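*Asks:* Build the 3D model from these lines:
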Amino acid sequence: MSTATPGHMYTRLAEAVASKGGARSVHGPENTLSRRGLLIRADKRARELQGLGIGRGDPVALSLGNVAELPIMLLACSKLGAVAVPIDAAHGERLVKDTASRLPLRAVVRRPRGQEAPTPDYGDDYGFHARRRLSSSLLAIDVLEPPAALREATTLPEGAELVMEARGIGGVVRDVVRTGTELAAVGEAAAAALQLHAGARLLCAQPLIVPRFFDPVILGWLASEAQLVMAEGPAADAVLPLSSHHEELVVVDSVRQLLELSRALKARGTTLGLTPVIPQASVPLGTGRALQATLTQPARQLLLLEEIGVLAHRVLQRGAAFEPAPGVELRPGAAMESGGHEVLVSTPQAAACRPPIPRTEPGAIADAPWRHTGYAGRFGKDERLIEVLGRDDGLVNLEGRRACLDDVEERMLEHPRLTWVRAHVEVDADGDPSLWLEYRATGQSTLDDLEEHAIGQLPPFMVPRRFERCDD
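*Replies:* So this is what the prediction gives:
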């Protein structure tokens with residue numbers, strides 16, 4: 001095994017085992033693992049990866065879903081100094097190819113669904129070395145030789161440990177590259193914001209492949225003594241089997257899923273002492289009241305920026321201001337069209353992005369050490385952030401993920417019979433945002449045809465829920 005210094009994620013767990021022992025840490029559908037058990041499995045996976053030629057600085061895509069092997073593989077990559085790149089397993093084939101076009105992937109770890117899947121198309125310039133089954137698991141790893149030109153064009157920061165996707169203005173996909181120091185800062189901010197402690201269980205049923213969910217869940221868990229519950233599917237399906245446990249349960253999820261969970265519990269006649277957390281900048285206060293009526297604990301809101309991390313938090317109650325995370329400062333910037341002033345932030349969590357962020361976009365430097373967030377906020381006389389009003393740049397939050405209205409419109413205009421489109425956000429009675437599309441078209445363009453085009457061209461969370469044809 002290499003004697004190189006392991007990355008932050010592995011070191012953090014190893015220190016926890018050395019100082020606090022092997023208490024329960026991860027709960028999955030198949031088993032429960034202690035911290036020591038996680039470390040043993042991560043060591044085993046690291047040896048397997050090293051035997052396949054994976055080493056320091058090598059990007060490794062993880063298309064796994066919310067299973068215990070995800071944190072194990074993250075820790076294994078961290079031990080080797082490799083760079084973990086989580087990818088949505090539900091749409092892995094397309095996303096792996098897109099990622100392989102931006103990053104020189106050295107390996108791809110997948111969890112095959114159903115029959116053995118054919119080798120994905122990584123691009124003509126990639127060399128395919130081998131496919132192996134990782135021991136004592138269903139995981140398959142493809143070992144690749146990335147194109148020399150892509151390797152030369154890709155410069156990752158020293159100590160890079162994690163790469164996550166974030167969508168920018170105009171639909172530009174950026175890779176947020178975090179070093180161990182930045183991971184530590186984000187994790188500590190998340191653990192403090194969620195008030196995680198040894199008796200808490202932390203659960204998220206959303207795919208842990210975007211910073212909005214990964215940061216508070218995976219990094220918050222690593223930075224605390226809380227236990228992690230791995231779950232896939234609707235929040236209600238994940239929470240209800242745990243209802244007999246007395247431990248505090250912290251559920252991080254989208255507005256829609258948390259409201260469905262609340263209704264499911266109400267229909268069952270059950271009240272649980274769980275804390276709902278919405279990692280979304282603008283949340284109606286009525287949503288907090290609706291959740292508290294069933295879940296008994298006040299809902300919490302995270303202000304989180306994909307390019308940076310956890311900025312602030314508050315309880316969803318009238319008059320409650322945002323409390324900045326440890327090491328974070330907020331202040332008002334220039335006036336915004338949507339009202340209020342831009343929220344500027346100073347933080348040690350800021351990460352590098354590829355391609356670099358233009359000067360005026362979220363995450364870019366405004367006036368050192370302050371950075372743009374793109375959020376319009378209302379500040380009190382003491383410059384405390386009272387409310388986040390939205391943003392002016394076309395970036396919206398859908399089901400807890402960032403989307404760009406311009407990108408939706410451009411993708412839809414690739415349809416041969418669409419001549420004009422306009423994407424809009426509408427909010428239902430629960431405060432849940434969704435997209436709908438106005439359009440003009442030639443000939444008889446059926447709704448089924450437009451929906452099929454949208455499903456084929458857009459990520460699932462960006463597909464409009466309804467279409468409305470305008471007069472020509």
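
*Asks:* Work out for me the element Leu311 sits within.
*Replies:* For Leu311, the host element (DSSP states H and E) is strand 309-315.

*Asks:* Report the next helix or strand after that strand in sequence order.
*Replies:* Assigned by DSSP H and E, the successor of strand 309-315 is strand 323-324.

*Asks:* partners of that next one in the sheet?
*Replies:* strand 309-315 (antiparallel) (DSSP bridges).

*Asks:* outside of the helix or strand encompassing Ala61, which residues touch it?
*Replies:* Assessed by DSSP H and E, Ala61 sits inside strand 59-63. The contact list for strand 59-63 (Cβ atoms under 8 Å, 6 or more residues apart in numbering) reads 49, 54, 70, 73-74, 77, 82-89, 92, 95-96, 99-100, 103-111, 156, 163. (Each C-beta comes from the backbone N, C-alpha and C, glycine too.)

*Asks:* Summarise which helices and strands the following helix or strand past it is packed against.
*Replies:* Remark: after strand 59-63, the chain's next helix or strand is helix 69-80, criterion DSSP H and E. Applying 3 or more Cβ pairs under 8 Å, 6 or more residues apart in numbering; DSSP states H and E, we find helix 69-80 packed against helix 8-20, helix 35-51, strand 59-63, strand 83-86, strand 160-167, strand 227-230.

*Asks:* if we can go back for a sec, buried among the contacts of strand 59-63? Need that as a selection in ChimeraX.
*Replies:* Remark: buried members of the contacts of strand 59-63, expressed as a ChimeraX selection using 16 or more other Cβ atoms under 10 Å:
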select :49,54,70,73,74,77,82,83,84,85,86,87,88,89,92,95,96,99,100,103,104,105,106,107,108,109,110,111,156,163
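
*Asks:* Quick one: the strands in the stretch 201-350 of the chain, in order.
*Replies:* In the stretch 201-350 of the chain, the strands defined using DSSP state E, counting those that start in this stretch lie at 227-230, 248-252, 274-278, 300-305, 309-315, 323-324, 329-335, 341-346.

*Asks:* Export only the CA atoms of the fourth one, formatted as CSV.
*Replies:* C-alpha atoms of strand 300-305 as CSV (Å, rounded to 0.1, in the frame of the first residue of the first chain):
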residue,chain,number,x,y,z
ARG,A,300,-34.7,23.9,9.3
GLN,A,301,-33.5,25.7,6.2
LEU,A,302,-30.0,25.6,4.8
LEU,A,303,-28.6,28.4,2.6
LEU,A,304,-26.1,26.4,0.4
LEU,A,305,-24.2,27.4,-2.7
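
*Asks:* Pairing partners for that strand, with directions?
*Replies:* Here, using DSSP bridges, strand 300-305 pairs with strand 274-278 (parallel), strand 309-315 (antiparallel).

*Asks:* Flag whichever of those strands has the least confidence on average.
*Replies:* Lowest mean pLDDT within the strands paired with strand 300-305: strand 274-278, at a mean of 91.

*Asks:* what's next to that strand, contact-wise?
*Replies:* Against strand 274-278 from outside (Cβ under 8 Å, 6+ apart): 194, 216, 239, 248-255, 258, 261-262, 287, 291, 295, 297-302, 316.

*Asks:* just stretch 337-348 next, same as before
*Replies:* By Cβ under 8 Å, 6+ apart, stretch 337-348 touches 181-182, 185, 303, 305, 308-309, 311, 325, 327-336, 366-367, 369-379, 385, 387-392.

*Asks:* mean confidence for it?
*Replies:* Stretch 337-348 comes out at a mean pLDDT of 94.

*Asks:* quick one: contacts for the residue nearest the centre of the chain?
*Replies:* Nearest to the mean C-alpha position of the chain, by Cα atoms, centre = their mean, lies Val210 at 2.0 Å. Contacts for Val210 (Cβ under 8 Å, 6+ apart) come out as 164-166, 306, 400-402.

*Asks:* again, only using 6 Å
*Replies:* Arg401 (Cβ atoms under 6 Å, 6 or more residues apart in numbering).

*Asks:* Against Leu95, how distant is it?
*Replies:* As judged by Cβ to Cβ, to the nearest Å, Val210 and Leu95 stand 12 Å apart.

*Asks:* now Leu405
*Replies:* Taking Cβ to Cβ, one finds Leu405 at 21 Å from Leu95.

*Asks:* again, but for Val315
*Replies:* Val315 is 35 Å from Leu95, where distance means Cβ to Cβ.

*Asks:* So which of the strands paired with strand 300-305 is nearest Ala42?
*Replies:* Among these, strand 309-315 comes nearest to Ala42, with 23.5 Å by Cβ to Cβ.

*Asks:* now that closest one and strand 329-335, what's the angle there?
*Replies:* 90 degrees (axes from the mean of the first three to the mean of the last three Cα atoms, to 10 degrees).

*Asks:* Contacts for strand 309-315, please.
*Replies:* Contacts for strand 309-315 (Cβ under 6 Å, 6+ apart): 186, 189-190, 193, 215, 298, 300-305, 320, 322-325, 328, 345, 349.

*Asks:* Okay, now the unreliable bits of the stretch 101-250 of the chain?
*Replies:* 113-119, 242-247 (pLDDT under 70).

*Asks:* just the helices in it please.
*Replies:* In the stretch 101-250 of the chain, the segments counted as helices under DSSP state H, counting those that start in this stretch are 148-153, 180-193, 211-214, 220-222, 235-239.

*Asks:* In JSON lines: the ones you listed, plus distance to Leu139 and mean neighbour count.
*Replies:* Shown next, in JSON lines, are the helices of the stretch 101-250 of the chain (distance: least, Cβ to Cβ, whole Å; neighbours: other Cβ atoms under 10 Å):
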{"stretch": "helix 148-153", "distance to Leu139": "25", "mean neighbour count": "12"}
{"stretch": "helix 180-193", "distance to Leu139": "23", "mean neighbour count": "25"}
{"stretch": "helix 211-214", "distance to Leu139": "19", "mean neighbour count": "24"}
{"stretch": "helix 220-222", "distance to Leu139": "21", "mean neighbour count": "28"}
{"stretch": "helix 235-239", "distance to Leu139": "22", "mean neighbour count": "21"}
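
*Asks:* Quick check: which of those is nearest to Leu202?
*Replies:* Taking these one by one with Cβ to Cβ, helix 220-222 is closest: 5.4 Å.

*Asks:* so what secondary structure elements neighbour that closest one?
*Replies:* helix 180-193 (3 or more Cβ pairs under 6 Å, 6 or more residues apart in numbering; DSSP states H and E).

*Asks:* how about the CA coordinates for the helix it packs on, as CSV?
*Replies:* These are the backbone C-alpha positions of helix 180-193, laid out as CSV (Å, rounded to 0.1, in the frame of the first residue of the first chain):
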residue,chain,number,x,y,z
GLY,A,180,-9.3,18.2,1.8
THR,A,181,-9.1,21.6,3.5
GLU,A,182,-12.3,22.7,1.8
LEU,A,183,-14.0,19.4,2.6
ALA,A,184,-13.2,19.9,6.3
ALA,A,185,-14.6,23.4,6.3
VAL,A,186,-17.8,22.4,4.6
GLY,A,187,-18.3,19.4,6.9
GLU,A,188,-17.8,21.4,10.0
ALA,A,189,-20.2,24.1,8.8
ALA,A,190,-22.8,21.4,7.9
ALA,A,191,-22.5,19.6,11.3
ALA,A,192,-22.8,22.8,13.2
ALA,A,193,-25.8,24.0,11.1
